[in-house]
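Colleague: The following comprises the amino acid sequence and a computationally predicted model.
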Amino acid sequence: MTPEEIEACFTRSDGSYAFARWGRPIAPIVFGVDDATLGVVKGAIEAVAQLAGHEMAETDPELGANLMFFFFRDWDELRGVPDLDRLIPDLGPLVTRLKDESANQYRMFRFDEAGAIRACFVFLCMDDRLSAMPAETLALGQVVQSILLWSDAAFRDRSPLARAPGQGTVILRPDVAALIRAAYDPVMPAQAGDAAHALRLAARIGQG
């Protein structure tokens, strides 16, 4: 990736540059799937965390779990999840807005005092399009989008995934994988709001 392409990955629609990575071990939990799909999702989390060189944990001391995946068929199901309204401010209006937009996914991040990611909530409304995707593809794509605070437009025109050459399996695009590794380099900051950060990421990739 060029520095300009990297900068675009973290430049939001309003023109602001906003980067963040996880600042604590990832402790995942998955709701609404069978055991087979649970294994696929957790396998994707482990693979991406290993790529980033980031730790995982059984529990988070503050939240219990800090990366939460919710799979469901209708947005209204969220209204009945016990205590979810305590984790997600204004859950009711959010559900109404997502229904009105015919959205099939939504991610919400929380940050610590240093600006690093402390929690991520991933909501997947399994409409016909998402249901038609192989579980491995859906899981890997969602985990990649949860490992960093990407721009809201980062993968609008191009998926972070690709077909493995000569195979039918789906893999993480090599350029995206390199960017994730660079973003988790210990010398890099956990949070950045200046586009000059993209130049530093490009330099780390060049050294890799």
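Modeller: Received it, and whenever you're ready, just let me know what you need.
Colleague: Which residue lies nearest the spatial centre of this protein?
Modeller: Nearest to the mean C-alpha position of the chain, by CA atoms, centre = their mean, lies Ser146 at 1.2 Å.
Colleague: where's that residue, which helix or strand?
Modeller: helix 135-147 (DSSP states H and E).
Colleague: you'd agree the residue nearest to the centre of the chain is up against His54?
Modeller: No: applying CB atoms under 8 Å, one finds Ser146 not in contact with His54, separated by 11.7 Å. Where C-beta positions appear, they are placed from N, C-alpha and C, glycine not excepted.
Colleague: Tell me who's in contact with Val48.
Modeller: Counting by CB atoms under 8 Å, 6 or more residues apart in numbering, Val48 touches Leu140, Val143, Val144, Ile147, Leu172, Ile180.
Colleague: what do you get if the cut-off is 10 Å, keeping everything else the same?
Modeller: Residues near Val48 by CB atoms under 10 Å, 6 or more residues apart in numbering: 26, 54, 139-140, 142-148, 172, 177, 180.
Colleague: got the angle for the longest helix seen in the chain vs helix 135-147?
Modeller: The residue-count maximum for a helix in the chain (DSSP state H) belongs to helix 35-52. For helix 35-52 against helix 135-147, the angle by axes from the mean of the first three to the mean of the last three CA atoms, to 10 degrees is 40 degrees.
Colleague: which of the residues in stretch 9-23 are buried?
Modeller: Cys9, Phe10, Thr11, Tyr17, Ala18, Phe19, Ala20, Arg21, Trp22, Gly23 (16 or more other CB atoms under 10 Å).
Colleague: State the mean pLDDT of it.
Modeller: Averaged across stretch 9-23, the pLDDT comes to 97.
Colleague: Over to stretch 113-127?
Modeller: Here the average pLDDT along stretch 113-127 is 97.
Colleague: Next, the distance between the ends of it.
Modeller: This stretch, stretch 113-127, spans 36 Å end to end (CA to CA, to the nearest Å).
Colleague: contacting residues for the residue nearest to Ala192 when sequence neighbours are not counted?
Modeller: Nearest residue to Ala192 in three dimensions, chain neighbours excluded: Phe19, at 4.3 Å (CB to CB, 6 or more residues apart in numbering). By CB under 10 Å, 6+ apart, the residues touching Phe19 are 6-7, 9-11, 115, 148-151, 183, 188-195, 197-198, 201.
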